[in-house]
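S.K.: Task: produce atomic coordinates for the following.
(chains A, B, C and D)
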There are 2 protein chains.
Amino acid sequence: MTAARVRSGGRPTLEEVAARAGVGRGTASRVINGSPRVSAHTREAVEAAVAELGYVPNRAARALAGNRTDAIALVVPESESRFFAEPYFSDIVRGVGAALADTEMQLLLTLVGSDRERRRLAQYLTAHRVDGVLLVSVHADDPLPDLLEQLGMPAVMNGRRSATEPLPSVDSDNFEGARGAVEHLVSRGRRSIATITGRLDVYASQRRLDGYRKALADAGHEPDERLIAPADFSEEGGVRAMRELLARRPDVDAVFAASDLMAAGARQVLREAGRRIPDDVALIGFDDSAVARHMDPALTSVRQPIEEMGRAMTRVLLEQIAGESAERQQIVLPTELVVRDSS
Amino acid sequence: MTAARVRSGGRPTLEEVAARAGVGRGTASRVINGSPRVSAHTREAVEAAVAELGYVPNRAARALAGNRTDAIALVVPESESRFFAEPYFSDIVRGVGAALADTEMQLLLTLVGSDRERRRLAQYLTAHRVDGVLLVSVHADDPLPDLLEQLGMPAVMNGRRSATEPLPSVDSDNFEGARGAVEHLVSRGRRSIATITGRLDVYASQRRLDGYRKALADAGHEPDERLIAPADFSEEGGVRAMRELLARRPDVDAVFAASDLMAAGARQVLREAGRRIPDDVALIGFDDSAVARHMDPALTSVRQPIEEMGRAMTRVLLEQIAGESAERQQIVLPTELVVRDSS
DNA sequence: GCGTAGAGTGGGAGCGCTCCCACGATCCGG
DNA sequence: CCGGATCGTGGGAGCGCTCCCACTCTACGC
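M.R.: Here you go, the predicted model:
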């Protein structure tokens, strides 16, 4: 034991680990970072020292020296209450957490509400406080994705802005989900199948509408624009849209709503109008939320693999950060129709 | 302009800001950190340089030199699915985010599931990766709070473990919430008022039960243990408990369930038993979740100020970190009875 | 007039790590 | 048997900041 000065209080440093193991700082660093260029004997010695001292690397020092942060940000537009609606947010977070569990990566939660905060966010990223960004609930005209692109910051989006999304993205198969739901209605003998759409400036809404149209076309139904009522994902929107539908096509015998909340609104109107569900009018929602399960009658709904989306986004982002995948991945995950009593 | 070497690519450093403003590094640092010991003239010069260069401090360097991280962790036991149930998680996060918005603090989301991850968490904290910790959904026998206490790490809990919680905590007034709900039932002329409790090793459940008892005692009702059915916050638990209640006291004409989910389970059993809500049996839940709003009939429920709890927790934690408040704050926020059609 | 506060300032010394260069030891082919 | 790879290793030079000591300069007291 030479001059291995043991500090009184604080946590051990790499230097101390090295001293204890009788090696140089560089070698200790190599062991800790899993470099192969270390002899088995030395490795063991260092690992023993780490264990004895209870050494944990100092993140800040690492970040400073290595010019990386080992952290990624989950950026959530707070205004977007849809995203905060259960169980989307929780599930995404859980998926991200699962994918990060075996990693040293930290998850930073960044809520952006006002424009002021949006600017702050740009600073965050400029200041390289994270190695990558997970973006959820992005609008078609959101400047953030392009900003990230310019900065060369690895990023993955949940959903996409258009058919030709340049950024890597993970989305559920909105088209197939909608098509399958409507196909199900057709197979149950429904003739006048309407749809209540989400905001059409959201790409997902477009795709769900496309899927609806495709299913009807495949079934040989005559297209009728009066069966299509645009809304905004909200319950109130569902109420309004259903009223319109009932006025325009009183013979409607099935409704595919692009969200459970809108389906709840539609249900209310149908009930007030004396239509029984599913006897008179079948109803299908989208999201398979708690609302769907507890609605009366229980709502048939299209489930998205939300947690899996969170996992996939994270996986893709980590690959990008590691520089493993040069090509932009566009992942689309399948949905599932959960049939209950309303259809 | 002397030797103010302008680096080609990267982001500007303090040194460069200082050079540009024609001051020393120390002075520039003082301006940026808002020290009063700087002349107005100098301050302006530095601020101008910051603006021109678009300077943003490097977090890692700050953390390393200053031995702090400007980050707090929100620790979420993932196993606790109750917490993930809507809208609790989202609302807490929103509250925390709101309280952090004007701050430089970052929010780290830490999901702990397995025991392995729990150990990792202890390391996180040991490694001082955060300045403070927000703890939610803590069980009575959770070792984490005590660990934090030992480490001297600032921490605030959501809810508390017992009546004599040593750690700072923010909780809703479970006692009053329950008492008010049952009082409401009494005032509506209900005579045989039962309750379905949550897990009784959770302090909140205890308090809700206490509130139930108090309201009945105040109303001069004879206590009857057969009217108390313990469950576990889940819908299935609610089903089982309601069956028991019906068997033990067929004359029950009101049920106060300690969660909306349990109320949903109870509703199902009541309906199967041919009891009308609220005519035959009144029903009240707790949480005022989406389930409550969409239940049929819409469920009367006790709302907790969840977002406000998140804000309060954060406020208390920041004060602790700043060392402003020596005494341990125990904050209790009021609940609100949302009366709907089920009572 | 001189001393003595204090305000305002500059810059050295780290914080704990990674990167990388340089060095000795070992190994191989010719 | 020797030169040149190759492996394993040690440690210097930063990364960009905060902390703090030391210094200058002004204002004021006596």
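S.K.: Tell me the helix or strand right after the helix or strand of chain A with the lowest mean pLDDT.
M.R.: Across the helices and strands of chain A, the lowest-confidence element by mean pLDDT, DSSP states H and E is helix A:81-84, at a mean of 54. Reading on from helix A:81-84 to the C-terminus, the next helix or strand found by DSSP states H and E is helix A:88-100.
S.K.: Now do the helix or strand just after that following helix and strand B:106-112, the angle between them.
M.R.: Per DSSP H and E, the first helix or strand lying C-terminal to helix A:88-100 is strand A:106-112. Here the directions of strand A:106-112 and strand B:106-112 differ by 130 degrees (axes from the mean of the first three to the mean of the last three CA atoms, to 10 degrees).
S.K.: and A:Val133, bridged to which residues?
M.R.: When bridges are taken as DSSP bridges, the partners of A:Val133 come out as A:Ala73, A:Ala155.
S.K.: residue contacts, it?
M.R.: A:Ile72, A:Ala73, A:Val75, A:Leu125, A:Leu148, A:Met153, A:Pro154, A:Ala155, A:Val156, A:Leu317 (CB atoms under 8 Å, 6 or more residues apart in numbering or on different chains). For every residue, glycine as well, the C-beta is placed using N, CA and C.
S.K.: same question, A:Met309
M.R.: Residues near A:Met309 by CB under 8 Å, 6+ apart: A:Ile92, A:Gly95, A:Asn158, A:Val170, A:Asp171, A:Ser172, A:Leu333.
S.K.: Make CSV out of those residues and add distance to chain B.
M.R.: Rendered in CSV, the data for the contacts of A:Met309 read as follows (distance: CB to the nearest CB, whole Å):
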residue, distance to chain B
A:Ile92, 11
A:Gly95, 11
A:Asn158, 16
A:Val170, 19
A:Asp171, 21
A:Ser172, 19
A:Leu333, 21
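S.K.: now, the most widely separated pair of those residues?
M.R.: A:Gly95 and A:Asp171 (13.8 Å; CB to CB).
S.K.: so which strand or helix has A:Ser301?
M.R.: With DSSP H and E as the test, A:Ser301 turns up in strand A:300-303.
S.K.: Can you confirm whether that strand lies near chain B?
M.R.: No. Where contact is defined by CB under 8 Å from any CB of the partner chain, no part of strand A:300-303 touches chain B; the two come within 13.0 Å at best.
S.K.: which helices and strands sit right next to that strand?
M.R.: Contacts defined by 3 or more CB pairs under 8 Å, 6 or more residues apart in numbering or on different chains; DSSP states H and E place strand A:300-303 against helix A:174-187, strand A:282-286, strand A:336-338.
S.K.: could you dump the helix or strand that that strand is followed by to CSV, C-alpha only?
M.R.: Downstream of strand A:300-303, the first helix or strand assigned by DSSP H and E is helix A:306-322. Output in CSV follows, covering the C-alpha atoms of helix A:306-322 (Å, rounded to 0.1, in the frame of the first residue of the first chain):
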residue,chain,number,x,y,z
ILE,A,306,-49.3,1.4,-26.5
GLU,A,307,-46.8,0.0,-24.1
GLU,A,308,-45.2,-1.9,-27.0
MET,A,309,-45.0,1.3,-28.9
GLY,A,310,-43.1,2.9,-26.0
ARG,A,311,-40.7,0.0,-26.0
ALA,A,312,-40.2,0.1,-29.8
MET,A,313,-39.6,3.9,-29.8
THR,A,314,-37.0,3.5,-27.1
ARG,A,315,-35.3,0.6,-28.9
VAL,A,316,-35.1,2.6,-32.1
LEU,A,317,-33.8,5.7,-30.3
LEU,A,318,-31.1,3.7,-28.5
GLU,A,319,-29.9,2.2,-31.8
GLN,A,320,-29.7,5.6,-33.3
ILE,A,321,-27.7,7.0,-30.5
ALA,A,322,-25.4,4.1,-30.7
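S.K.: List the buried residues in helix A:306-322.
M.R.: A:306-321 (16 or more other CB atoms under 10 Å in any protein chain shown).
S.K.: List the strands paired with the helix or strand just after that helix, with their directions.
M.R.: Tracing the chain C-terminally past helix A:306-322 and defining elements by DSSP H and E, one meets strand A:330-333 next. Neighbouring strands of strand A:330-333 in its sheet, by DSSP bridges, are strand A:169-172 (parallel).
S.K.: how far does the partner strand sit from the chain's center?
M.R.: Per CA atoms, centre = their mean, to the nearest Å, the displacement of strand A:169-172 from the mean C-alpha position of its chain is 8 Å.
S.K.: Contacts for that strand next, please.
M.R.: With contact meaning CB under 8 Å, 6+ apart, strand A:169-172 is reached by A:156-160, A:204, A:304-306, A:309, A:312-313, A:316, A:329-335.
S.K.: And those residues, which of them are buried?
M.R.: The buried subset of these (16+ other CB under 10 Å) comprises A:156-160, A:204, A:304-306, A:309, A:312-313, A:316, A:329-332, A:335.
S.K.: Find the helix or strand that A:Arg43 is a member of.
M.R.: Judged by DSSP H and E, A:Arg43 forms part of helix A:40-53.
S.K.: Contacts for that helix next, please.
M.R.: Outside helix A:40-53, the residues that reach it (CB under 8 Å, 6+ apart) are A:12, A:16-18, A:20-23, A:27-28, A:31-32, A:38, A:55.
S.K.: give me every residue that touches the residue of the stretch 201-343 of chain A at minimum distance from DNA strand D.
M.R.: Of all residues in the stretch 201-343 of chain A, the one sitting closest to DNA strand D is A:Ile321 (19.4 Å; CB to the nearest atom of the strand). Going by CB under 8 Å, 6+ apart, A:Ile321 touches A:Ile72, A:Asp131, A:Gly132, A:Pro154.
S.K.: what's around the residue in the stretch 101-250 of chain A that DNA strand C sits nearest to, how many residues?
M.R.: The stretch 101-250 of chain A approaches DNA strand C most closely through A:Glu104 (10.1 Å), counting by CB to the nearest atom of the strand. Counted with other CB atoms under 10 Å in any protein chain shown, the neighbours of A:Glu104 add up to 11.
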